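K.L.:
Prediction below, plus the sequence it came from.
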Amino acid sequence: MAEESEAGDIPRLQQKSIIGFDGHVPGGLIVHPDRSHLIYALGSTVIVRDLNNNKQDIMAGHSNNISCLAVSKSGKYIASGQVTYMGFKADVIIWDFEKRELCARLSLHKVKVEALAFSPNDKYLASLGGQDDGSVVIWEVGTKQAVCGAAVSVPSAGITYALAYTNHDDNTFITGGERTLRVWTLDRPNRKIYPQDINTNKKKRVIKVIQVTADDSDFYCGSTTGDILRCNLGTLTFATLGPEKGRLSQGVTAMCLMKTGEVIAGAGDGEIAMFNGGEMKKIKSKRFSMDAGGISSIVLRGEGHQFYVGTTRSHVYRFNYAEFSYDIMFTAHHAPVNDVAFPYECSDLFATCSQEDIRVWNGKTSKELLRITVSNMTCNAIDFMRDGKTIVSAWNDGKVRGFYPETGNLMFIIHDAHTKSVTSIATTNDCARIISGGGEGQVRVWDVSNRKIPKMIAAMKEHNGEVTCIKVRRNDSECISTSTDGTTIIWDLERFVRSQMIMANTLFQCVAYRPDECQVITSGTDRKVGYWETYDGSQIREIDGSRSGAIFGMDMASSGDYFILGGADRLVKLFNYFNGNVTHVGVGHSSEINRVKVSPDMKYVVSVSADGGIIKWKFPKFESSS
């Protein structure tokens with residue numbers, strides 16, 4: 001991995017917790033056979049979460065987002081498949097669960113791996129290619145070699161989405177998709193697989209999920225029409241279709257079978273329903289709220305007294321089977337996280353923003369405390385007023401919104417704050433003014449001393465590109481803004497004019513004041529960190545912040561001795577301010593890091609990334625400050 005090689009022998013930052021779950025992976029939430037671990041994807045990484053102590057381990061090896069997951073029946077292996085770019089091969093990786101390391105990398109499929117399934121005795125792994133590949137391949141787990149492969153469907157059929165192995169026979173598996181449902185038999189001595197089509201009696205369905213009964217007598221197929229087909233595996237015939245009334249809206253997207261014969265199915269509209277296995281009559285159902293999204297995974301824990309449900313909007317619920325009641329286990333952002341902020345001198349909670357929402361998290365437990373939703377909008381930046389009574393946010397509809405942090409209710413809204421989206425925001429220390437930066441390059445100052453009627457005091461027009469970051473001095477006399485036009489400007493907030501300008505051949509992305517406010521550091525797409533005098537804007541020194549990618553996030557520790565960086569190289573780096581050396585590196589993110597922040601008490605670091613992940617890192621203890 002590029003990140004590992006760049007991190008080298010530098011000491012690692014210790015992960016405290018990871019907030020993130022990719023709900024778009026079909027069946028991407030899995031309970032390990034030992035019943036004490038939960039396995040799921042986040043971006044291009046596989047996360048193993050201990051259900052007893054919530055400890056999380058990251059397994060990284062994919063070059064792009066994970067598209068499917070599978071766990072062997074014994075629990076020894078985990079398999080994951082990915083998507084990639086057109087014309088490239090998509091890898092399947094087999095992981096050793098106990099060692100948490102890569103066991104084998106298998107490359108044959110093009111563009112996307114649609115589904116994976118282990119044979120019951122861990123002997124084979126079946127992999128299904130996506131729309132641009134159209135093949136099914138059998139791999140021998142022991143030798144890590146392909147045994148055989150074939151086109152997964154006839155040319156007249158559409159895409160194949162689902163794959164399932166039987167529970168007792170290593171040589172039989174099932175595939176299903178658009179106008180195709182096949183049972184395959186492996187002939188290992190001759191290295192061939194033979195399909196047998198199942199006639200569904202003019203019932204044209206697009207099958208998304210397949211589950212086989214424990215005794216291998218039948219298998220159930222969930223369709224996009226919202227009904228479930230039951231087929232006999234012995235005679236290879238279609239048996240029943242149901243329910244006749246009350247089909248699941250937006251299709252059956254996830255399914256699991258109980259030992260008692262019931263079928264639990266999840267729908268695209270967020271409904272969980274229980275059916276009897278014979279006549280497919282609905283016994284009971286529950287529906288999640290709209291903000292949970294559709295169901296993407298249903299998985300049993302143990303005998304089925306408890307089961308977990310994952311949704312497309314990255315919620316994970318724990319269900320009690322007997323009462324058919326649920327509670328939220330954890331939640332995460334389902335879109336890129338754009339910013340993170342701490343209240344003034346408070347490390348017990350922090351806020352993050354993303355598409356459609358702002359979330360406030362408990363700094364100790366990493367649980368979601370509050371969610372503020374603005375439908376169909378994206379929040380680009382957030383900040384807390386110094387008194388902690390207002391969350392100020394910048395949105396892509398050109399508005400600045402203020403919210404109450406206790407309830408999440410709207411306090412005020414500044415309409416048309418900028419002609420394009422509002423891209424950055426900061427508040428003054430007297431809690432009377434907001435400074436906002438826009439996509440058109442203006443920096444505007446707003447008087448919010450009367451929260452009901454915000455007024456614009458000044459518009460400062462010097463930048464020609466998007467304003468990416470704003471920081472304010474402690475005495476509120478000046479602020480500094482960075483822009484993609486290659487300039488960083490220090491503004492006089494009394495006369496509202498430029499006092500100093502810093503120019504460099506880069507698209508500036510972030511800036512931070514040192515606590516004494518005599519110097520600032522900047523960084524951007526040129527991968528350099530520049531030290532500058534605030535008095536005259538002259539450069540003091542320049543160091544390399546990254547070897548391979550732009551830097552998007554930067555924060556100074558409250559002591560002023562250390563600063564932290566994050567960017568496109570997916571590494572969180574802690575630098576010594578005085579000698580410019582990297583002291584620690586955090587490896588864990590699977591996408592570019594958008595922002596990083598050090599907690600005010602310097603006990604932990606929070607980094608947020610484009611895959612929706614939030615990682616808390618322990619801030620290292622140093623024996624003495626430089």
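P.N.:
Structure's in. What do you need? Numbers count the residues shown, from 1 in each chain.

K.L.:
Give the other helices and strands that the helix or strand hosting Ile480 contacts.
P.N.:
Assigning secondary structure by DSSP states H and E places Ile480 in strand 478-483. In this structure, strand 478-483 makes packing contacts with strand 433-438, strand 467-472, strand 487-492, strand 508-513, strand 519-524, judged by 3 or more C-beta pairs under 8 Å, 6 or more residues apart in numbering; DSSP states H and E. The C-beta positions use only the backbone N, C-alpha and C, and glycine is treated the same way.

K.L.:
Name the nearest residue to Ser590, sequence neighbours excluded.
P.N.:
In space, and not counting its chain neighbours, Ser590 is closest to Gly43: 3.2 Å by C-beta to C-beta, 6 or more residues apart in numbering.

K.L.:
what sits against His584?
P.N.:
10-13, 573-574, 620 (C-beta atoms under 8 Å, 6 or more residues apart in numbering).

K.L.:
Now the buried members of those residues.
P.N.:
In the contacts of His584, burial by neighbour count holds for 10, 13, 573-574, counting by 16 or more other C-beta atoms under 10 Å.

K.L.:
Longest strand in the protein, please.
P.N.:
Determined from DSSP state E, the single longest strand within the chain is strand 368-384.

K.L.:
Identify each buried residue in it, please.
P.N.:
By neighbour count, with 16+ other C-beta under 10 Å as the criterion, the buried positions of strand 368-384 are 368, 370, 372, 374, 377-384.

K.L.:
cool, stretch 201-210 as well?
P.N.:
With burial defined by 16+ other C-beta under 10 Å, the residues of stretch 201-210 counted as buried are 205-210.

K.L.:
Stretch 445-463 now?
P.N.:
For stretch 445-463, a neighbour-count test (16+ other C-beta under 10 Å) marks 445-446, 448, 454, 458, 460, 462-463 as buried.

K.L.:
circling back to that earlier point, now render the contacts of His584 as JSON lines, adding pLDDT.
P.N.:
JSON lines is the format used below for the contacts of His584 (pLDDT from 0 to 100):
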{"residue": "Ile10", "pLDDT": "88"}
{"residue": "Pro11", "pLDDT": "91"}
{"residue": "Arg12", "pLDDT": "91"}
{"residue": "Leu13", "pLDDT": "92"}
{"residue": "Lys573", "pLDDT": "95"}
{"residue": "Leu574", "pLDDT": "95"}
{"residue": "Pro620", "pLDDT": "92"}
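
K.L.:
Point out where the protein drops to low pLDDT.
P.N.:
Across the chain, residues meeting the criterion (pLDDT under 70) sit at 1-8, 623-626.

K.L.:
For it, which segments count as helices?
P.N.:
Counting by DSSP state H, residue ranges of the helices within the chain are 2-7.

K.L.:
Please determine how far the spatially closest residue to Gly177 that is not a sequence neighbour is located from Gly537.
P.N.:
The spatially closest residue to Gly177, leaving aside those adjacent along the chain, is Thr160, at 3.5 Å (C-beta to C-beta, 6+ apart). As defined by C-beta to C-beta, to the nearest Å, Thr160 lies at a distance of 61 Å from Gly537.

K.L.:
So which of those two has more stuff around it?
P.N.:
Thr160 (28 against 16; other C-beta atoms under 10 Å).

K.L.:
Distance from the longest strand of the chain to the middle of the chain?
P.N.:
In terms of C-alpha atoms, centre = their mean, to the nearest Å, the centre of strand 368-384 is found 16 Å from the chain centre.

K.L.:
now swap in stretch 606-615 and tell me
P.N.:
7 Å.

K.L.:
What of stretch 388-407?
P.N.:
23 Å.

K.L.:
Pull up the distance across it, start to finish.
P.N.:
End-to-end distance of stretch 388-407 (C-alpha to C-alpha, to the nearest Å): 13 Å.

K.L.:
and what of stretch 103-123?
P.N.:
Across its full length, stretch 103-123 reaches 14 Å between end residues, using C-alpha to C-alpha.

K.L.:
cool, stretch 84-104 as well?
P.N.:
For stretch 84-104, the first-to-last residue distance is 18 Å (C-alpha to C-alpha).

K.L.:
hang on, the earlier thing: would a markdown table of the buried residues of strand 368-384 with distance to Trp491 be doable?
P.N.:
Formatted as a markdown table, the entries for the buried residues of strand 368-384 read as follows, by distance: C-beta to C-beta, whole Å:
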| residue | distance to Trp491 |
| --- | --- |
| Glu368 | 36 |
| Leu370 | 33 |
| Ile372 | 29 |
| Val374 | 29 |
| Met377 | 28 |
| Thr378 | 26 |
| Cys379 | 24 |
| Asn380 | 20 |
| Ala381 | 17 |
| Ile382 | 21 |
| Asp383 | 17 |
| Phe384 | 21 |
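
K.L.:
Looking at the residues you listed, spot the one nearest Gly134.
P.N.:
Gly134 lies nearest to Thr378 out of the buried residues of strand 368-384, by C-beta to C-beta, at 35.9 Å.

K.L.:
Check the gap between that closest one and Met411 for me.
P.N.:
Using C-beta to C-beta, Thr378 is found at 20 Å from Met411.

K.L.:
repeat for Ile264
P.N.:
Using C-beta to C-beta, which is the criterion applied here, Ile264 is 43 Å from Met411.

K.L.:
need the contact list for the residue nearest to Ser590.
P.N.:
In this structure, Gly43 makes contact with 20, 22, 65-66, 589-591, 609, 611-613, judged by C-beta under 8 Å, 6+ apart.

K.L.:
Can you list which of these are found in strands?
P.N.:
Within the contacts of Gly43, residues falling in strands by DSSP E are 66, 609.

K.L.:
Please identify, among the contacts of Gly43, the one with the most neighbours.
P.N.:
When these are compared by neighbour count (other C-beta under 10 Å), His589 ends up highest, at 30 neighbours.

K.L.:
That one contacts Asp611, correct?
P.N.:
Yes: with contacts counted by C-beta atoms under 8 Å, His589 reaches Asp611, the gap being 7.3 Å.

K.L.:
Good, wrapping up.
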